[in-house]
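Asks: Give me the fold of what follows.
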Amino acid sequence: MHRFANPNRFLKLANAILPWAAGLTVILTLAGLYYALVASPEDYQQGATVRIMYVHVPAAWMALFVYTAIAVASAVALIWKHPVSDLFAKASAPVGAAFTFIALVTGALWGKPMWGTWWVWDARLTSMLILFFLYLGHMALMNAFDDPQRGYKAAAVLALVGVVNVPIIKFSVDWWNTLHQPASVARMDGPAIDPAMLTPLFLMAFAFKAYYITVALLRMRGEIAEAKVRAISMSQVHG
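Replies: Numbers count the residues shown, from 1 in each chain. Here you go, the predicted structure:
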C-alpha cells in the first residue's frame, strides 16, 4: 500500500486501469440493460415493475460498498497518514452519494405500486436516508476548512463513526419488522431468485462497480493535479 502513497506511482497504475474499467462499464451496462429490459421475464406478481430491481438493488449494494471503502480509506489515512487514501475518500463520496440517491428514488418508484406508498419510516429506508446524509456530511467536511488536511481528518472521523450504519442497513430486515423482504441473494441455502433474474441483477451490479472504479480514478487524477497546483502556489507564496 505504501508504494502507492507516491501520487506519480499511483497515477501510472490508474492510467493503466482506466481504459479497462471504462470498457467494462460500457459492455456490462449494455448487456445488463438487454437482459433486464428484454431477456428477463416479468414477475408473476409484480409484472414489469420488477425491472426496477435491476437498478435499485445494485445501487443499494454500491451505496454500502462505497461507504465501507471510504471508511477503510479513512482508517488508513488516520493511522498510516497515507495521502492517497484521503484523496480516494474525497473522490468516492460523491459517487456513493449518487448511488444512495438512486437507491432511494428507485425504491420510492418501486414502493408505490408494491406497497401503495412512496415512503414509509421503516428501519431500512430510514437508515438508508441516514447514509445519504452521512455522504453529504462527509463532502461538506472535506471542503469546510481552508486547510485541506483539517477537512480530510474531520471527514475521516465522520466516516469511521458513520460506518456503524452499514450493518444496520444490511441486517435491518432481520432485526426489525420492515416492509422489505429478507435477503434473497446472499443466503446460506443459495439465492431465492430465478437465474433468469439473477443474470441481469449481477450484470448491473458489476457494471455499477466498474463505473465506480472509472469515476473514482478520474476524480482522483483531478484531485492529485489540484493538490500539485496548490503545493506550487503555496511554495511561491512562501518563497
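Asks: From here on, just use CA atoms for contacts and neighbour counts.
Replies: Noted.
Asks: What helices and strands are in contact with the helix or strand of the chain with the lowest mean pLDDT?
Replies: Lowest mean confidence among the helices and strands of the chain (mean pLDDT, DSSP states H and E): helix 165-175, at a mean of 84. Counting by 3 or more Cα pairs under 8 Å, 6 or more residues apart in numbering; DSSP states H and E, the packing neighbours recorded for helix 165-175 are helix 53-80, helix 123-142.
Asks: got TSV for these, with mean neighbour count too?
Replies: Output for these, formatted as TSV (neighbours: other Cα atoms under 10 Å):
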stretch	mean neighbour count
helix 53-80	21
helix 123-142	20
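Asks: just checking, residue 135 touches residue 95?
Replies: No. Using Cα atoms under 8 Å, residue 135 is not in contact with residue 95; the gap is 9.4 Å.
Asks: and the residue nearest to residue 221 when sequence neighbours are not counted, how many neighbours does it have?
Replies: Excluding the flanking residues, the one nearest residue 221 by Cα to Cα, 6 or more residues apart in numbering is residue 11, at 6.9 Å. Neighbourhood size, residue 11 [other Cα atoms under 10 Å]: 17.
Asks: Which strand or helix spans residue 11?
Replies: Element membership for residue 11, per DSSP states H and E: helix 7-34.
Asks: how big is the angle separating that helix from helix 53-80?
Replies: 160 degrees (axes from the mean of the first three to the mean of the last three Cα atoms, to 10 degrees).
Asks: Does anything pack onto helix 7-34? Which helices or strands?
Replies: Going by 3+ Cα pairs under 8 Å, 6+ apart, helix 7-34 lies up against helix 195-238.
Asks: Once you drop chain neighbours, what's closest to residue 57?
Replies: Closest residue to residue 57 apart from its sequence neighbours, by Cα to Cα, 6+ apart: residue 103 at 7.1 Å.
Asks: Compute the number of surrounding residues for that neighbour.
Replies: Neighbours of residue 103 using other Cα under 10 Å come to 26.
Asks: Per-residue pLDDT of it, please?
Replies: Here the pLDDT value assigned to residue 103 is 96.
Asks: what's the spacing between it and residue 222?
Replies: For residue 103, the distance to residue 222 (Cα to Cα, to the nearest Å) stands at 27 Å.
Asks: quick one: low-confidence parts of this protein?
Replies: For the chain, the stretches with pLDDT under 70 are 1-5, 173-192, 238-239.
Asks: switch the cut-off to 80
Replies: For the chain, the stretches flagged by pLDDT under 80 are 1-7, 44-45, 115, 173-194, 227, 230-239.
Asks: isn't there a helix covering residue 152?
Replies: Yes. The assignment for residue 152 by DSSP: H, G, I helix; E, B strand; the rest coil puts it in a helix.
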